[in-house]
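1. need a 3D model of the sequence below.
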Amino acid sequence: MEFVAIKVKILSGAGKCLYPDFNQLSVVSQSGMDWSQYIDANGGGWKYDKKCGHADVDAVSPAGIWWGLLLIPEVFALEAIAQFPDRITRLTEVEFEEFHDGRCTCKLPDEEIDTVVLEGIKLKQDLGLPLTADQAKAIDPEDDAPGIRVNKKKYWKDVKVTKDLTIKDPE
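-> As a prediction, this is how the structure comes out:
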């Protein structure tokens, strides 16, 4: 699916997150859904900055601001940018990937590890028994067999292939 990437400034106030009121967008009101339902049904879901939250401060995120990324239909993006120009920025795929990998998924492990599978393989190795072809695949991180495998949720290059997503860059 082709989406547009936007970066959303989420403010804080009275102990809660203050999102832009996307219910004001005609594309959302015409859908008959609340904006949060619209995004889940028609978009790629939220990706949040895991490096810095509302209470934290760094060069990208001052106190009181938290960033979220959305992959959404272009009609939503265009309306959102027009309605909330100080809170919404359209991103190129390169900008999205940099924020996604560097801030949203930075705390995810590089590999997914299935300890039950690996404990069985270790026991077999300790007993001096040869591994089956499937067990050998399980300890190859590049293979998708359960055991040790590359975390396909960490890097945008893998996510977009796994979920068949593309980002339409601004013209």
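2. and residue 162, what does it touch?
-> residue 152 (Cβ atoms under 8 Å, 6 or more residues apart in numbering). In this view, the C-beta of every residue, glycine as well, is placed from N, C-alpha and C.
3. quick check: beta-bridge partners of the most centrally placed residue in the chain?
-> Among the residues of the chain, the one closest to the centroid is residue 47, at 4.0 Å (Cα atoms, centre = their mean). Listed by DSSP bridges, the beta-bridge partners for residue 47 are residue 69.
4. my guess is it contacts residue 100, does it?
-> Yes. Under the criterion of Cβ atoms under 8 Å, residue 47 is in contact with residue 100, at a separation of 5.9 Å.
5. partner strands of the lengthiest strand in the chain, with direction?
-> Looking across the chain with DSSP state E, the single longest strand is strand 2-13. With DSSP bridges as the criterion, the sheet partners recorded for strand 2-13 are strand 16-18 (antiparallel), strand 65-72 (antiparallel), strand 88-91 (antiparallel), strand 166-167 (parallel).
6. could I get those as TSV with distance to residue 5, mean pLDDT and mean neighbour count?
-> TSV is the format used below for those (distance: least, Cβ to Cβ, whole Å; pLDDT from 0 to 100; neighbours: other Cβ atoms under 10 Å):
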stretch	distance to residue 5	mean pLDDT	mean neighbour count
strand 16-18	20	91	12
strand 65-72	6	95	21
strand 88-91	4	98	18
strand 166-167	5	96	15
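7. can I get those strands in a markdown table with distance to residue 118?
-> Output for the strands paired with strand 2-13, formatted as a markdown table (distance: least, Cβ to Cβ, whole Å):
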| stretch | distance to residue 118 |
| --- | --- |
| strand 16-18 | 39 |
| strand 65-72 | 33 |
| strand 88-91 | 38 |
| strand 166-167 | 35 |
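8. can you give the domain ranges for this structure?
-> According to automatic domain parsing, the chain comprises the domains 2-108+152-167, 111-150.
9. ranking those by burial, who's on top?
-> Across the domains of the chain, averaging neighbours per residue (mean count of other Cβ atoms under 10 Å) puts domain 2-108+152-167 on top, at a mean of 16.
10. was I right about residue 157 contacting residue 97?
-> Yes. Residue 157 is within contact range of residue 97, at 7.4 Å (criterion: Cβ under 8 Å).
11. where in the protein is pLDDT low?
-> 54-55 (pLDDT under 70).
12. max-length helix in this structure?
-> Criterion DSSP state H: the longest helix present in the chain is helix 115-126.
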